[in-house]
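In: Following is a predicted model, sequence given first.
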Amino acid sequence: MELRQLEYFIAVTNLKSFTKAADKLHVAQPSITIAIKKLEDSLGVILLERKQKNINLTKEGEVFYKRANEIINRVTNVEKEMYDFKKSKKEIIKVSIPPLIGFHMLPKIFSQYYNKNSNVELEIVEVGSLQTVELLEAGEIDLALIIQSHKNDCIETTPINAREILLCLPKEHSLAKQKTIPFEMLKDERFLLLKEGNYIRKRILNECKHHNFEPNIIYQSTQIESICTLISNGIGVSFLLDTIATRNKDITCRSLKNPIKVSIAIAWNKNKYVTKSQRQFIDFVKNL
């Protein structure tokens, strides 16, 4: 049994496709097919059921998949631990920062962190909090800033601060006269929302469902500036973190009658080795 065979098997299982696994690993598809066949032969069991275009784990495959992941994680952790001893080489830390959080934190991180840590390079991935958790679980990133939604057995988190999601309105909107807004009063409004994968979007859609109405979503974007511009021009309403919403003087921000509070945290995968530089970055963000 070879590590390469384990990597091929895990990739096929995760992607449910030999072709996609081959593309991701940059190898020919026959190489993956042959490697997994040899693996099954050496173990004396069938790991994958191939029915038409569907690929599923057998019972033996489910057990082996769990053990294979443990082995690969251990090897990766050992490699990273040894990497800590290489002082002369610049370390790359892959950090996922959702646009809503990065909008106000990225400038501080780059200006203050890089001045003190010239031996580390940050590779920033910008996706929503929900997708970020998936990347952490898959081991594709090292650290992440997220809006905490629920406990995850695979993810370790340290809270940074608490924030509030504010309703953002055009200055001349009739609701702008009120100090707090009952959510049910928004059922006839035109919503400008961030795209799927964003925690705030999911939270707002859940609120709509809870108040028994389907939101009229007329615009979706990953660009906060675009959403703010549309709000200021009277096109619709949106929901943003207080740190972002209150910066824009061309829109009006109001708390909801039942405020939506969220906790921003820095997160990492419990099963991955956390290097010294990554620990230092975690402490830096906590203090920031």
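Out: That came in fine, so what should we check first? Numbering: from 1, shown residues only.
In: Just the buried positions in the longest helix along the chain, please.
Out: Counting residues, the longest helix in the chain under DSSP state H turns out to be helix 59-83. Buried positions in helix 59-83, judged by neighbour count with 16 or more other CB atoms under 10 Å: 61, 64, 65, 68, 69, 72, 80. The C-beta positions use only the backbone N, C-alpha and C, and glycine is treated the same way.
In: Enumerate every residue touching residue 8.
Out: Residues counted as contacts of residue 8 (CB atoms under 8 Å, 6 or more residues apart in numbering) are 21, 25, 27, 31, 32, 35, 36, 39.
In: if you set the cut-off to 10 Å instead, what comes out?
Out: Contact analysis of residue 8 by CB atoms under 10 Å, 6 or more residues apart in numbering lists 2, 18, 21-22, 25, 27, 31-36, 39.
In: now those residues: which count as buried?
Out: Buried subset of the contacts of residue 8 (neighbour count, 16+ other CB under 10 Å): 18, 21, 22, 25, 27, 32, 33, 35, 36, 39.
In: farthest pair in these?
Out: 22 and 39 (15.7 Å; CB to CB).
In: and which of the buried ones among the contacts of residue 8 is nearest to residue 276?
Out: residue 25 (29.4 Å).
In: thinking the closest one is in contact with residue 14, fair?
Out: No - judged on CB atoms under 10 Å, residue 25 makes no contact with residue 14 at a distance of 11.3 Å.
In: Between these two, which contacts overlap?
Out: Common neighbours of residue 25 and residue 14 are not found (criterion: CB under 10 Å, 6+ apart).
In: which residues touch the nearest residue to residue 247 once chain neighbours are set aside?
Out: Take residue 247 and drop its neighbours on the chain: the residue closest to it by CB to CB, 6 or more residues apart in numbering is residue 104, 7.7 Å away. Counting by CB under 10 Å, 6+ apart, residue 104 makes contact with 163, 224, 241, 243, 244, 247.
In: who touches the residue nearest to the first one when sequence neighbours are not counted in this structure?
Out: Read that as residue 163. Here the nearest residue to residue 163 in space, its sequence neighbours aside, is residue 241; by CB to CB, 6+ apart that works out to 5.0 Å. Taking CB under 10 Å, 6+ apart, we find residue 241 in contact with 100-101, 103-104, 147, 163-166, 200, 224, 262, 264.
In: can you pick the most crowded of these?
Out: residue 100 (27 neighbours; other CB atoms under 10 Å).
In: Just put the buried ones among the contacts of residue 8 in TSV and tack on pLDDT, distance to residue 137 and secondary structure.
Out: Below are the buried ones among the contacts of residue 8 laid out as TSV (pLDDT from 0 to 100; distance: CB to CB, whole Å; DSSP: H, G, I helix; E, B strand; the rest coil):
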residue	pLDDT	distance to residue 137	secondary structure
18	88	23	helix
21	88	18	helix
22	89	23	helix
25	87	19	helix
27	89	24	coil
32	90	23	helix
33	89	27	helix
35	89	25	helix
36	89	23	helix
39	88	24	helix
